[in-house]
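Undergrad: Mind folding the following:
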Amino acid sequence: MGIVFYEDRNFQGRSYECMSDCPDMSSYLSRCHSCRVERGCFMVYDRTNYMGNQYFMRRGEYADYMSMMGMSDGIRSCRMIPMYRGSYRMRIYERENFGGQMYEMMDDCDSIMDRYRMSNCMSCNVMDGHWLMYEQPHFRGRMMYMRPGEYRSFSNMGWSGTRWMSMRRITDSYY
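TA: Take a look at the predicted model:
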């Protein structure tokens, strides 16, 4: 597993190779405009400590991902997504603190509105697997990486006012 970050576009300038989670890349690179994912999958963040806008990166070359993804400040932190081959299970809730309607998901959902008549998802409990949540139906818009755990309030995580409308499993086909 590994991702190499470069200061400039087209894999130029100083580089930093990362094999695991890195909460603050500023001590390694002053800026970051391109990267190469050699193995595995990663989430990259435009703020330190895994905050801000998130982007899913799988194996491949990203010569100028800043303009491609609309990242204005570059990458400030990254998190390795471990490969997972078990079952997937997540409960989504209409309100914070696991309130309101609850639905249990075991596969991808391209629209919680169409499938469950649910207009918002404000908390969740990921029991099994690793997931991506998307702001818009059909896996579009901003995204948020969810690993196993309880997430009582998306707004307390810095996502106030954001609606999560579709969810996708990160399966081993991405690796």
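Undergrad: Identify all residues paired with the residue nearest the centre of the chain through a beta bridge.
TA: Most central in the chain under Cα atoms, centre = their mean is Tyr145, positioned 3.3 Å from the mean C-alpha point. Judged by DSSP bridges, the bridge partners of Tyr145 are Leu132.
Undergrad: how much space between it and Phe154?
TA: 12 Å (Cβ to Cβ, to the nearest Å). Every residue, glycine included, has its C-beta placed from N, CA and C.
Undergrad: looking at this structure, which helix or strand is least sure?
TA: Sorted by mean pLDDT, DSSP states H and E, the helices and strands of the chain end with helix 65-69, the least confident at a mean of 62.
Undergrad: Which other helices and strands does the helix or strand following it contact?
TA: Proceeding N to C from helix 65-69, the next assigned helix or strand is strand 77-81, under DSSP states H and E. In terms of contacts (3 or more Cβ pairs under 8 Å, 6 or more residues apart in numbering; DSSP states H and E), strand 77-81 is packed against strand 2-8, strand 41-47.
Undergrad: residue contacts, Pro23?
TA: Pro23 sits next to Thr48, Asn49, Tyr50, Ser77 when contact means Cβ atoms under 8 Å, 6 or more residues apart in numbering.
Undergrad: now the strands for the protein?
TA: Along the chain, counting by DSSP state E, strands occupy 2-8, 12-18, 34-39, 41-47, 51-57, 60-62, 77-81, 89-95, 99-105, 123-128, 131-136, 140-146, 149-151, 166-169.
Undergrad: With respect to Ser26, which of those strands lies nearest?
TA: Between Ser26 and the strands of the chain, the tightest spacing by Cβ to Cβ is seen for strand 77-81, at 9.3 Å.
Undergrad: Specify the angle between that closest one and strand 2-8 in degrees.
TA: 160 degrees (axes from the mean of the first three to the mean of the last three Cα atoms, to 10 degrees).
Undergrad: do you know which of the helices and strands packed on strand 77-81 lies nearest Arg31?
TA: strand 2-8 (5.4 Å).
Undergrad: For Gly158, report the pLDDT, please.
TA: Note on Gly158: pLDDT of 86.
Undergrad: what separates it from Phe42, distance-wise?
TA: 20 Å.
Undergrad: neighbour count winner among the two?
TA: Phe42 (24 against 11; other Cβ atoms under 10 Å).
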